[in-house]
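Coordinates for the following, if possible.
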Amino acid sequence: MIQIIVFTLNDKYYAFLSEDVEEILKKMPWTTIPQSPVWVQGLINLRGNVITLINFYKLLSPSVETKELCYNNIIIVKNNNEKLAFMVDNVEWVTEINPANIQQLTSQTDAHISGLIKVKDQIVNMIDMETLFYKNEG
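You can find the predicted model right below:
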């Protein structure tokens, strides 16, 4: 069994593996970065550490006309020594799933989604951490 953290983003459900999540915060102020990609919301200062804040909706749907989301949480994820902060609508629940129940996607319709799983009658998109950090480097 693995533990996942399920959150919403524009009425869709997504999940991170809990082992990739360092902490969950309420929204906080950020500083914008001039000439940054559209999905970079800015920088946050978390106890003296400066972390890039990603507008997750703009990252997942760059071509869609994005309305300003009413986001309530920031999820800090880690990959080795790197950390990124993701703006999400709401963290819904933490639950355990059987990895065998994750339906792997054969066609890569979205590089950031590794598979789908049904949790509490909702289709949840599993986030592929490797592509998130790989795409966002540099």
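
The helix or strand hosting Tyr13 - contacts with which helices or strands?
Under the criterion of DSSP states H and E, Tyr13 resides in strand 12-17. For strand 12-17, the elements it packs on are strand 2-9, strand 113-119, strand 122-127, judged by 3 or more C-beta pairs under 8 Å, 6 or more residues apart in numbering; DSSP states H and E. All C-beta spots, glycine's among them, are computed from the backbone N, C-alpha and C.

what's the second one packed up against?
Pointing back at strand 113-119 there. Applying 3+ C-beta pairs under 8 Å, 6+ apart, we find strand 113-119 packed against strand 12-17, strand 90-97, strand 103-104, strand 122-127.

Can you check which of the ones you listed gets nearest to Ser61?
Closest approach to Ser61 among the helices and strands packed on strand 113-119 (C-beta to C-beta): strand 12-17, 9.8 Å.

Quick check: which element contains the most centrally placed residue in the chain?
The chain has Phe86 as the residue nearest its centroid, 5.2 Å off, counting by C-alpha atoms, centre = their mean. Under the criterion of DSSP H and E, Phe86 resides in strand 82-88.

in its sheet, what does that strand sit against?
Sheet pairing of strand 82-88 (DSSP bridges) gives strand 49-55 (parallel), strand 73-79 (antiparallel).

Report the mean per-residue pLDDT for the helix or strand that the first one is followed by.
Meaning strand 49-55. Downstream of strand 49-55, the first helix or strand assigned by DSSP H and E is helix 56-60. For helix 56-60, the mean pLDDT works out to 84.
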